[in-house]
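Student: Only the shape, not the letters, is given here:
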């Protein structure tokens, strides 16, 4: 049994702080459990009353005749620690603290919440909350919550599990799901997450045989590794996870002095983690429920291709546009299939979408042959049919129903969706056959896209390989020369260059390596050299190098008078190829994340970058490169030979492994530009930022 099973399916419960007044939170929680069908034992705990809502009451859980499976606590915050200690003495292992007034209010509340955590850990207990809403399991008629929703609407049983942090958010999801006809298996709102968090609930739902689809909502995440494990577990179980992220993490990612840091916003990182772990990110509750609805009753589409048949040309185009914008494909039907369709329905137009025109209304019997013909016309993972208002006509719908059911039978692995205004009798028949029904064509398309991406992401979900940490590195300096020395030692290719302390030394170095050369100021205090004019390109001879040395020092002292200058870096001048950027940012929740994109000024202008969890494998590095739009420049482009992608892959892997091995030492790495040529690749500039040591005491 999963350790959270009793949170949803307890055989007996204690309600600590139970009230005789159903309008009070302690009374409402008890009333819901008692009146909505729960068949287990209920023990109200009230220090003064002998009876609460018709049930025998007890002054303490210590007085109970047995140890209940779970307890719900609805007490003033200052009384919760004592009550939790008594739960521990009684042997209760799972307590949901619905009381508020803890860390969400700051001050003394933080200390009181920490005390609850300490009691739970010392006694091997698990707690939700505090400031939680409770849990429900509609198939078991268990509603352990004080949610006001239950006064007017009761979530029906089904196979969609819900886990959220916010109580109000969770309650709204239950309501919207119910109005949409989506049944709930288990649902919980975890509140302050002093112990049990959304990730732990996803882990439970991934095991739960009564749950086939998981909806989740996060406000923050304290345990990035735990969330990854839970999402990967659900993906391995082939349970779609549709997840929303609102607000910002408790600890925002530090920007550091790099483009990588400024681009590694929390939202980009969370997007990356969800995608890598097989979860689809929804942008609204409506979209979340729509995708869950499709996934709960129909197969996931095997490909992105969608076939559209419509009795309205305009709405067919609307769905086609929406599909393309959502990332689906709308392939044209083959000439042979089009000829067959027009033989059946001469007025039909288009190649996909197929516009049957309103003339189909008088020829319902041909719908089946047209839909069957479409099935072989292109690579299609799903079919969507716009049928106007025919779903409200019981007399005329049977031929359409027969055609839809036959298509569903003929293509059991494809998704078939009907879009029409409808009555419940017709909708329920189609849903029972595995055919989702929508009234809004745009919502239907977005839900189809979500279901399609669930399958793709689950198939690609894989954990980043584990890698041990290494002994901490020490940088003698934070300048470019020191950064490149560390990167070169880690396997990142760099040019043969030299740090020079005098003009004469610079001239000699340049003569030895050959002209032209690049000259750059070296200083721990000047991470971005271009801001002080600290770079000279195409320096042609020894005399120009000597003069350039003095000029770089003059510019640096003028723009940064307090900067400590370490000298000048002299390097061969290279040209051609594609400038890219390679970076790493250590996210405080999810650890080192690798960034790749177009480099140079392009990263500032376009922000065309993508992230991946470190460390990378060759396959994951290749996918990271391919996910950037500008990566097309690395391929054969307008007759130009392709760039050396294998060298780029090796560099990405090397940087990712350095970041993991040194994650306790390195805050961020940036190589910009990393020049990829036809016959190799080089780090032309680099910056490594170390983590600050924690303050003493």
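Tutor: Received it, and whenever you're ready, just let me know what you need. All of these numbers come straight from a predicted model, not from anything done at the bench. Numbering: from 1, shown residues only.
Student: Not counting the one helix or strand residue 114 maps to itself, show me its contacts.
Tutor: Assigned by DSSP states H and E, residue 114 falls within helix 108-122. Outside helix 108-122, the residues that touch it by C-beta atoms under 8 Å, 6 or more residues apart in numbering are 77-78, 80-81, 84-85, 88, 95, 97, 101-103, 125-127, 130, 192, 194-195. (Glycine included, C-beta is placed from N, CA and C.)
Student: got the buried residues for it?
Tutor: 109, 112, 113, 115, 116, 119, 120 (16 or more other C-beta atoms under 10 Å).
Student: again with stretch 383-402
Tutor: Result for stretch 383-402 [16+ other C-beta under 10 Å]: buried residues 383, 384, 385, 386, 387, 388, 390, 391, 393, 397, 400, 401.
Student: and after the helix or strand hosting residue 660, which helix or strand comes next?
Tutor: Element membership of residue 660, judged by DSSP H and E, is helix 645-661. Per DSSP H and E, the first helix or strand lying C-terminal to helix 645-661 is strand 666-677.
Student: Check the offset of that next one from the chain's centre.
Tutor: Remark: strand 666-677 is offset 26 Å from the chain centroid, using C-alpha atoms, centre = their mean, to the nearest Å.
Student: what's the answer for stretch 560-569, then?
Tutor: Using C-alpha atoms, centre = their mean, the offset of stretch 560-569 from its chain centre is 43 Å.
Student: what about that stretch, start to end distance?
Tutor: With C-alpha to C-alpha, to the nearest Å as the measure, stretch 560-569 spans 18 Å from end to end.
Student: for stretch 599-607, same thing?
Tutor: First residue to last in stretch 599-607 (C-alpha to C-alpha) measures 9 Å.
Student: would you list every one of the helices in the stretch 151-300 of the chain?
Tutor: Assigned by DSSP state H, counting those that start in this stretch, the helices in the stretch 151-300 of the chain fall at 167-180, 198-207, 224-236, 259-263, 266-276, 285-297.
Student: Any chance of JSON lines for those, columns mean pLDDT, distance to residue 506 and mean neighbour count?
Tutor: Converted to JSON lines, the helices of the stretch 151-300 of the chain look like this (pLDDT from 0 to 100; distance: least, C-beta to C-beta, whole Å; neighbours: other C-beta atoms under 10 Å):
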{"stretch": "helix 167-180", "mean pLDDT": "89", "distance to residue 506": "62", "mean neighbour count": "19"}
{"stretch": "helix 198-207", "mean pLDDT": "97", "distance to residue 506": "55", "mean neighbour count": "24"}
{"stretch": "helix 224-236", "mean pLDDT": "96", "distance to residue 506": "46", "mean neighbour count": "21"}
{"stretch": "helix 259-263", "mean pLDDT": "41", "distance to residue 506": "28", "mean neighbour count": "22"}
{"stretch": "helix 266-276", "mean pLDDT": "90", "distance to residue 506": "40", "mean neighbour count": "20"}
{"stretch": "helix 285-297", "mean pLDDT": "97", "distance to residue 506": "60", "mean neighbour count": "24"}
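Student: quick one, which of the ones you listed is nearest to residue 423?
Tutor: helix 167-180 (15.9 Å; C-beta to C-beta).
Student: quick one on the thing from earlier: filter the contacts of helix 108-122 down to the buried ones.
Tutor: 77, 80-81, 84, 88, 95, 97, 101-103, 125-127, 130, 192, 194-195.
Student: Just the ones in strands from these, please.
Tutor: 95, 97, 126, 127 (DSSP state E).
Student: Okay, the closest residue to residue 661 other than its chain neighbours and residue 486: tell me how far apart.
Tutor: Spatial nearest neighbour of residue 661, chain neighbours left out: residue 470 (3.8 Å); criterion: C-beta to C-beta, 6 or more residues apart in numbering. Separation of residue 470 from residue 486 (C-beta to C-beta, to the nearest Å) stands at 12 Å.
Student: One more: residue 468?
Tutor: For residue 468, the distance to residue 486 - C-beta to C-beta - is 18 Å.
Student: next one: residue 446
Tutor: Residue 446 is 46 Å from residue 486, by C-beta to C-beta.
Student: quick one, which of those two is more surrounded?
Tutor: For residue 446 versus residue 486, neighbours defined as other C-beta atoms under 10 Å are more numerous around residue 446 (24 against 18).
Student: Double-check that the more buried one belongs to a strand.
Tutor: No - read with DSSP: H, G, I helix; E, B strand; the rest coil, residue 446 is helix and lies in no strand.
Student: what's the spacing between it and residue 515?
Tutor: Taking C-beta to C-beta, one finds residue 446 at 59 Å from residue 515.
Student: Could you do residue 122 as well?
Tutor: Residue 122 is 72 Å from residue 515, by C-beta to C-beta.
Student: what about the residue nearest to residue 627 when sequence neighbours are not counted, which SS state?
Tutor: Counting by C-beta to C-beta, 6+ apart, residue 627 lies nearest to residue 610, which is 4.3 Å off, once chain neighbours are set aside. Of the three states, residue 610 takes strand under three-state DSSP.
Student: Neighbours of residue 610, how many?
Tutor: 20.
Student: And residue 687, its phi and psi?
Tutor: Per-residue torsions, residue 687: phi -140, psi 130 (degrees, to the nearest 10).
Student: May I ask you to confirm that it is in contact with residue 670?
Tutor: Yes - in this structure, residue 687 is within contact of residue 670 by C-beta atoms under 8 Å, at 4.8 Å.
Student: Look up phi and psi at the residue nearest to residue 661.
Tutor: Torsion angles, degrees, to the nearest 10, at residue 470: phi -120, psi 170.
Student: okay, it: pLDDT?
Tutor: Looking at residue 470, its pLDDT reads 87.
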